[in-house]
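> What follows is a predicted protein model with its sequence.
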Amino acid sequence: MTDSLVLNATYPPVASLELGRAVASVVREGEDVYFNCMVDSNPPTYKISWFHENAPLVHAPSQGVVVSGQSLALQGVRRERAGNYVCAASNVEGDARSPPVTLQPYTGPAKSSGFGAASCAFNRTIDFLSTDAPVCASDTEAPQVLASGIGQTLNVSCSVIASPSDVKFSWVFNNSVTSERVPVERVYNSEARTQQDYGSLQCWAQNTVGKMSKPCLFHVVPAGRPDSPMNCSVINKTYDSLVVTCARGFDGGLKQSFVARVYEAVGGRSQVNVSAPEANFLLEGLTPGLDYIIKVSAINQLGESDPIKLDAVTYKMAENRMRDEQVSSSAGSVSNTRPRADVVASGNFSAEFSAGALLGGLLIVLGAIIFTVVFIRCAAIRRSRRRRNAREQQDKDSENSESSREKSSLVVTTDVGGSAVTAGAGILFLPPPPLIQDVIDDEGVAGRMLQRIPPV
């Protein structure tokens with residue numbers, strides 16, 4: 001009697017990418033390339049994805065990309081299709097990606113380091129032959145300027161991108177054509193004996209695919225003084241030093257060096273003179289808080305260029321201490337100050353100072369806006385209160401006027417000493433005074449008689 005048990009082991013996919021049977025290790029540009037994604041998984045995969053240089057590939061026949069299940073076809077492969085290709089498989093246990101297969105332009109057979117023996121190994125790479133003609137390796141179409149002195153040999157290197165690399169170069173100098181079969185980047189030698197040996201030089205390259213459409217251009221000129229440095233600026237400063245940097249100009253066809261001279265802006269007294277193989281200078285030993293003029297020139301065996309002038313000023317002592325504290329605080333340094341050499345090397349103060357000035361300006365503007373809003377609001381409240389008080393006073397005055405009119409209509413009449421007194425609206429009206437007359441009685445005695453005038 002026997003018994004059996006079936007174990008169903010599940011695991012995530014294991015993917016590998018293989019070339020189609022009809023694909024050789026070297027294909028020509030314009031031919032088709034096929035890939036197969038081989039997957040081992042349990043349970044079976046529910047999704048297969050394709051990637052080119054980590055970007056997803058989707059089914060797009062109009063663009064020459066055909067995706068069908070576990071197969072990928074690239075139709076009419078071109079140079080822009082070069083790169084790494086990967087397939088990815090997914091099941092309920094997880095996801096997996098295959099090792100990449102590289103499609104690259106063909107640059108010719110690799111040379112062996114042995115004694116003439118060649119070896120071949122599968123390196124998961126497909127080479128395709130380009131159908132493009134050679135092009136200049138330089139990124140710009142502007143002519144390259146070369147200079148040489150009389151009797152000096154000029155070495156001109158013409159570098160092109162070509163596949164295959166078996167290239168024939170044609171040199172055209174002042175409309176005189178010479179041809180020779182030389183490898184890529186072979187140097188063309190020319191010696192200037194007279195002024196007629198200067199002019200334009202064209203380099204043409206051709207391989208089995210075709211001839212380049214535009215030549216590589218060179219201008220050969222007599223050697224002379226160098227051009228002035230370019231884009232000079234003061235990138236850092238302390239209380240006693242300045243850091244100046246420039247870009248190199250044309251060297252005149254000879255080896256050049258650079259010099260920086262520092263003068264006081266007031267009086268013109270020379271303070272520092274520094275030479276350097278590159279146009280980068282650390283100018284030390286200056287006086288704090290002074291304005292300076294910096295002149296930067298290039299020098300070769302035939303002379304010196306016109307100087308480039310810069311205006312600069314060193315910090316005052318207090319400004320430098322404040323700057324050191326700001327730099328130390330922003331860097332989290334334990335010390336309150338930092339060595340001046342570190343400050344010169346960092347080049348961060350200008351950016352920190354500009355950021356602080358900008359922040360301070362923003363705070364000032366914001367404070368002014370808040371003050372203006374509060375002031376306008378307070379003024380509006382004061383005006384509202386004044387209008388309300390005016391209305392209340394007007395109402396009170398109106399009430400007082402009505403009361404006065406009522407009082408003026410009340411008349412009180414009393415008899416005081418036989419005379420009538422009339423009062424109204426708070427005003428006391430007195431009767432007219434009695435009339436006194438001088439009289440003589442019947443006996444001839446003089447006297448006065450008081451006669452009362454009756455009230456009206």
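Everything's here; your move. It should be emphasised that the depicted structure is a prediction, and the values quoted were computed from it without experimental measurement.
> which outside residues touch stretch 137-156?
159-161, 187-194, 200-201, 203, 214, 216-224, 250-254 (C-beta atoms under 8 Å, 6 or more residues apart in numbering). C-beta: built from backbone N, CA, C; applies to glycine.
> Just these: which are in strands?
160-161, 187-191, 200-201, 203, 216-222 (DSSP state E).
> Of these, which count as buried by neighbour count?
Using 16 or more other C-beta atoms under 10 Å as the burial test, the ones in strands among the contacts of stretch 137-156 include Val160, Ile161, Tyr188, Ser190, Leu201, Cys203, Cys216, Leu217, Phe218, Val220, Pro222 as buried.
> Kindly state the pLDDT recorded for the fourth one?
At Ser190, the predicted lDDT confidence score is 74.
> Tell me the one among the buried ones among the ones in strands among the contacts of stretch 137-156 nearest to Gly20.
Checking these against Gly20 with C-beta to C-beta, the nearest one is Ile161 at 29.2 Å.
> and the helix ranked longest in the chain, what does it pack onto?
The longest helix of the chain (DSSP state H) is helix 349-408. Under the contact definition 3 or more C-beta pairs under 8 Å, 6 or more residues apart in numbering; DSSP states H and E, helix 349-408 sits against strand 230-237, helix 317-331.
> how many degrees apart are it and strand 230-237 in direction?
70 degrees (axes from the mean of the first three to the mean of the last three C-alpha atoms, to 10 degrees).
> Do I have it right that Asn273 meets Phe258?
No. The pair Asn273 / Phe258 is not scored as a contact, 12.0 Å apart, by C-beta atoms under 8 Å.
> Comparing the two, which residue is more hemmed in?
Phe258 (22 against 12; other C-beta atoms under 10 Å).
> Pick out the shakiest of the helices and strands packed on helix 349-408, pLDDT-wise.
Taking the mean pLDDT of these, helix 317-331 comes last: a mean of 57.
> Need the distance between the two termini of stretch 196-211.
29 Å (C-alpha to C-alpha, to the nearest Å).
> List the buried residues of that stretch.
Buried, per 16+ other C-beta under 10 Å, within stretch 196-211: Asp197, Tyr198, Leu201, Gln202, Cys203, Trp204, Ala205, Gln206, Asn207.
> Give me the contacts around that stretch.
For stretch 196-211, contacts defined as C-beta under 8 Å, 6+ apart pick out 130-134, 136, 143, 146, 156, 158, 160, 162-174, 188, 190-192, 212, 215-222.
> how about the buried ones among the ones in strands among the contacts of stretch 137-156 in CSV, adding distance to Ser90?
CSV is the format used below for these (distance: C-beta to C-beta, whole Å):
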residue, distance to Ser90
Val160, 45
Ile161, 40
Tyr188, 58
Ser190, 63
Leu201, 59
Cys203, 53
Cys216, 50
Leu217, 54
Phe218, 56
Val220, 63
Pro222, 69
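> tell me the contacts of Pro44?
Counted by C-beta under 8 Å, 6+ apart, Pro44 has contacts Asn91.
> If you could redo that for Val67, that was the one I meant.
Trp50, Leu57, Val58, His59.
> got a winner among those residues for most neighbours?
Trp50 leads the contacts of Val67 on contacts (other C-beta under 10 Å) with 21 neighbours.
> ok, and the closest non-adjacent residue to that one?
Leaving out its chain neighbours, the residue that sits closest to Trp50 by C-beta to C-beta, 6 or more residues apart in numbering is Leu57, at 4.1 Å.
> picking that back up, name the nearest of the contacts of Val67 relative to Asn389.
After measuring the contacts of Val67 against Asn389 - C-beta to C-beta - the closest member comes out as Val58, at 79.3 Å.
> Surely that closest one touches Val66?
No. Using C-beta under 8 Å, Val58 is not in contact with Val66, being 10.6 Å away.
> Sketch out the low-pLDDT regions of the chain for me.
Along the chain, the parts satisfying pLDDT under 70 run over 21-25, 105-124, 126-132, 175-186, 318-355, 400-456.
> Quickly list the domain ranges of it.
11-105, 135-222, 230-320, 411-451 (automatic domain parsing).
> mind checking which of those domains is nearest Asn389?
domain 411-451 (28.5 Å).
> Only alpha carbons, please: show stretch 144-154 as CSV.
Only the C-alpha atoms of stretch 144-154 are listed here, as CSV (Å, rounded to 0.1, in the frame of the first residue of the first chain):
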residue,chain,number,x,y,z
GLN,A,144,38.7,76.8,-34.4
VAL,A,145,41.3,79.5,-34.4
LEU,A,146,45.0,78.4,-34.4
ALA,A,147,48.1,80.6,-34.3
SER,A,148,51.7,79.9,-35.1
GLY,A,149,54.8,81.9,-35.7
ILE,A,150,57.1,82.0,-38.7
GLY,A,151,59.1,78.8,-38.8
GLN,A,152,56.9,77.2,-36.2
THR,A,153,55.2,73.8,-36.9
LEU,A,154,51.5,73.7,-36.4
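> buried residues in it?
Quick answer for stretch 144-154 (16+ other C-beta under 10 Å): Gln144, Leu146, Ala147, Ser148, Leu154.
> re the thing from before, I'd like the contacts of Val67 written out as TSV, with distance to Ser398 added.
Listed next are the contacts of Val67 as TSV, based on distance: C-beta to C-beta, whole Å:
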residue	distance to Ser398
Trp50	94
Leu57	92
Val58	88
His59	92
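> residues touching Asn280, list them.
So Asn280 contacts Val244, Thr245, Cys246 (C-beta under 8 Å, 6+ apart).
> Among these, which one sits closest to Glu93?
Distances from Glu93 to the contacts of Asn280, taken by C-beta to C-beta, are shortest for Thr245, at 59.0 Å.
> Who are the contact partners of Thr287?
Asp240, Gln271, Thr314.
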